[in-house]
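1. starting from these lines, generate the structure:
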Amino acid sequence: MDLNYVSVHAIDRLGRNLLDILMTLQHFDDHGIKLKVENLGIESLVDGKPNPAFKLIVSVLANIAEMERNTMLERQREGIDIAKAKGMYKGRVRGWRHCKKVFDFSNAFFYILPTFFRDYSQTLFIPLT
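-> Residues are numbered from 1 along each chain as shown. Below is the predicted model:
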């Protein structure tokens, strides 16, 4: 599969933290893949050359996204602690649920990117070689 264009709704969809997002962007740059961030309306490559404004904006927003995620996890942990103190939180059910889809990742390393298409979310598996 020859991939040359990726579109995401927001920059925080590319990773869980700043380093993850920046590594993904570097991979795209190294392979000449153009990235468009829909909610900003900007692209990583302009006429095949890196867009310096894109890198600046994305770096700042990726840092903010990481801060938001950390704040959300901290609030979640506080809520769980309060629920445990009240005896209302039991935790997740141990074990696993059967899934109809079976993916074989034994021979390849995949990066999973959420993509948006016609008002529903799907997952795009991109092989990194």
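2. now do A62 against E38, distance only.
-> Per C-beta to C-beta, to the nearest Å, A62 is found 16 Å from E38. Placement of C-beta: from N, CA and C, glycine included.
3. of the two, who's got more company?
-> Shown here are A62 and E38; by other C-beta atoms under 10 Å, A62 has more neighbours (22 against 13).
4. can you pull the contacts of that one?
-> When contacts are counted by C-beta atoms under 8 Å, 6 or more residues apart in numbering, A62 touches 11-12, 14-15, 18, 21-22.
5. by neighbours, which of the residues you listed wins?
-> Within the contacts of A62, most neighbours by other C-beta under 10 Å means I11, with 25 neighbours.
6. surely it is in contact with L61?
-> Yes: using C-beta atoms under 8 Å, I11 is in contact with L61, at 4.9 Å.
7. okay, and the common contacts of these two?
-> L40.
8. so what's the residue count around L45?
-> By other C-beta under 10 Å, 18 other residues sit near L45.
9. phi, psi for the residue lying closest to it once chain neighbours are set aside please.
-> Distance criterion C-beta to C-beta, 6 or more residues apart in numbering; nearest residue to L45, sequence neighbours excluded, is K34 at 4.5 Å. The phi and psi values for K34, taken as degrees, to the nearest 10, are phi -80, psi 130.
10. check what pLDDT K34 gets.
-> Note for K34: predicted pLDDT of 90.
11. if it is in a bridge, with which residues?
-> Y5 (DSSP bridges).
12. tabulate the contacts of A62 (JSON lines), appending secondary structure and distance to I42.
-> Shown next, in JSON lines, are those (DSSP: H, G, I helix; E, B strand; the rest coil; distance: C-beta to C-beta, whole Å):
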{"residue": "I11", "secondary structure": "helix", "distance to I42": "10"}
{"residue": "D12", "secondary structure": "helix", "distance to I42": "15"}
{"residue": "L14", "secondary structure": "helix", "distance to I42": "14"}
{"residue": "G15", "secondary structure": "coil", "distance to I42": "18"}
{"residue": "L18", "secondary structure": "helix", "distance to I42": "18"}
{"residue": "I21", "secondary structure": "helix", "distance to I42": "15"}
{"residue": "L22", "secondary structure": "helix", "distance to I42": "16"}
